[in-house]
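# model the following, please.
(one chain, ligands or ions: 1)
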Amino acid sequence: MRIVILGSGGRLGAALMREYRERYDIAGVDRTQVDLASLDDVRGKLGGLNFDLLINAAAFTNVDACETQRDRAFLINAQAPGVLAEICNEKHAKLIHFSTDYVFDGEKRAPYTEEDRADPISFYGESKRAGEKRVIGAGNEHVVVRVSWVFGPDRPSFIDAMIKRAQQEEKIDAVSDKFSTPTYTDDIAKMLPNLFDRGAEGGILHFANAGKCSWQEYAQCALDCCRDNGIPLKARTVGALTLRDMSSWVARRPVYSVLSTAKYMELTGTLPRAWREAVADYITRCYSKK
Ligand SMILES: NC(=O)c1ccc[n+]([C@@H]2O[C@H](COP(=O)([O-])OP(=O)(O)OC[C@H]3O[C@@H](n4cnc5c(N)ncnc54)[C@H](OP(=O)(O)O)[C@@H]3O)[C@@H](O)[C@H]2O)c1
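Presented below is the predicted three-dimensional model:
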């Protein structure tokens, strides 16, 4: 199976590259090779490649910047995925496209299923939702995988920022009234081949590590794991902030965006591991040796 991964230098794309390099005929494409903001570039360059599966891990992911650069966000997150789906159709290839828990408005208080109405409250969410519709609308076998709070070793995220702050400062804090589930890029990379088969059902699929937490609980877990691994920190506990304190944010974020993985479990017969276990694994593997 020939696979092309877009966004191969990103947090998720780089993890997919590492996981699949030995097992598949794989090519990574980064922004310098194909710019998703240029649809002609996308058509011209990807049209010339040979593949059976295209994985799109590229996106305009800065939630606040999307709010102020709406045309660019729509181009990269909505129009480009539509073109990718068309190219895949022409090549009889399958598209796996990543999306986000931020397509939901956050008003629910139980895990969001694939059938729940997506009603974004930010332009990032809106552009990603528009991309989902274009991908799903283009072909029955294409898959949209929604993930949440992605972390991994290839690009720093919230958890790394918290650890860094705890190494430098005695008091740190994080938002305590916003809930979803951290998801480890390695776990996404391990589960994704379940969807590679072209005969497999297309549509939307949620994937996240199991459980739910606030950013404060997430950061506290990271600090506890560092302590268990003998990694020296100045801060021991994470204080509570509220969403109201985040006056620098431009975009609104959903208060609750836990993704239900019931469909994934039904499809594969496997459970994603708990987010605390994934965080502990990440810190042991990526911080202990530093
Ligand atoms: N991070 C999260 O917490 C999170 C949560 C939910 C869903 N997701 C989704 O998961 C997917 C992967 O996200 P991630 O965390 O890996 O994000 P990331 O680290 O920001 O990676 C995004 C990738 O897209 C590339 N890219 C951006 N603009 C591009 C353009 N115009 N042309 C070509 N490539 C471009 C980036 O290239 P550069 O390195 O050159 O910028 C980068 O390689 C995205 O679909 C995102 O919406 C992420």
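# ok, and residue 239, which helix or strand is that part of?
Assessed by DSSP states H and E, residue 239 sits inside strand 238-241.
# ok, residue 201 - how many residues close by?
12 (other CB atoms under 10 Å). Using the backbone N, CA and C atoms, a C-beta is placed for each residue, glycine as well.
# next up, the contacts around it.
residue 267 (CB atoms under 8 Å, 6 or more residues apart in numbering).
# quick one: average pLDDT of stretch 190-204?
Averaged across stretch 190-204, pLDDT comes to 87.
# list the buried ones in it?
In terms of neighbour count (16 or more other CB atoms under 10 Å), stretch 190-204 has its buried residues at 191-192, 195-196, 202, 204.
# of these, closest to residue 141?
residue 202 (4.4 Å; CB to CB).
# residue 137 is in contact with that closest one, correct?
No - applying CB atoms under 8 Å as the test, residue 202 and residue 137 come out as separate, 11.0 Å apart.
# skip the chain neighbours and tell me the closest residue to whichever residue of the stretch 151-290 of the chain sits closest to the ligand.
For the stretch 151-290 of the chain, the residue closest to the ligand is residue 155, as judged by CB to the nearest ligand atom, at 4.5 Å. With CB to CB, 6 or more residues apart in numbering as the criterion, residue 155 has its nearest non-adjacent residue at 3.8 Å, and that residue is residue 11.
# what's the answer for residue 45, then?
residue 34 (4.8 Å).
# let me see the contact set for that neighbour.
6, 41-42, 45-46.
# show me those residues that map onto helices.
Using DSSP state H, the subset of the contacts of residue 34 located in helices is 41-42, 45-46.
# would you point out the most distant pair within these?
Maximum distance among those (CB to CB): 8.7 Å, for 41 and 46.
# between the two, which one's more packed in?
The residue with more neighbours, out of residue 41 and residue 46, is residue 46; 21 against 14, by other CB under 10 Å.
# who are the contact partners of that one?
Residue 46 touches 4, 29, 34, 54, 84, 87, counting by CB under 8 Å, 6+ apart.
# try it again at 10 Å.
Neighbouring residues of residue 46 by CB atoms under 10 Å, 6 or more residues apart in numbering: 4, 6, 29, 33-34, 36, 54, 83-84, 87-88, 91.
# returning to what we had before: among the contacts of residue 34, which pair sits farthest apart?
So, those by CB to CB: farthest apart are 6 and 41, at 11.9 Å.
# shared neighbours of the two, anything?
With CB under 10 Å, 6+ apart as the test, residue 6 and residue 41 both reach 33-34, 80.
# so which of those residues belong to helices?
Among those, the members falling in helices (DSSP H) are residue 80.
# need phi/psi at the residue lying closest to residue 91 once chain neighbours are set aside.
Nearest residue to residue 91 in three dimensions, chain neighbours excluded: residue 51, at 6.9 Å (CB to CB, 6+ apart). Note on residue 51: its backbone torsions stand at phi -160, psi 160 [degrees, to the nearest 10].
# how much space is there between residue 51 and residue 63?
30 Å (CB to CB, to the nearest Å).
# which is the succeeding secondary structure element to the strand holding residue 239?
helix 262-268.
# neighbours of residue 49, how many?
15.
# same question but for residue 249, I mixed them up
14.
# please name the residues that touch it.
63-64, 67, 122, 175, 243.
# tell me the residues of the stretch 1-150 of the chain that contact the ligand?
Counting by CB under 6 Å from any ligand atom, the residues of the stretch 1-150 of the chain lying close to the ligand are 7, 9-13, 30-31, 34-37, 57-61, 76, 98, 100-101, 128, 147-150.
# wasn't residue 173 part of a strand?
Yes - the assignment for residue 173 by DSSP: H, G, I helix; E, B strand; the rest coil puts it in a strand.
# buried ones in whichever strand or helix holds residue 225?
Counting by DSSP H and E, the element that carries residue 225 is helix 215-228. Using 16+ other CB under 10 Å as the test for burial, helix 215-228 gives 215-226.
# could you do stretch 263-281 as well?
So, applying 16+ other CB under 10 Å, buried residues of stretch 263-281: 263-264, 272, 275-276, 278-280.
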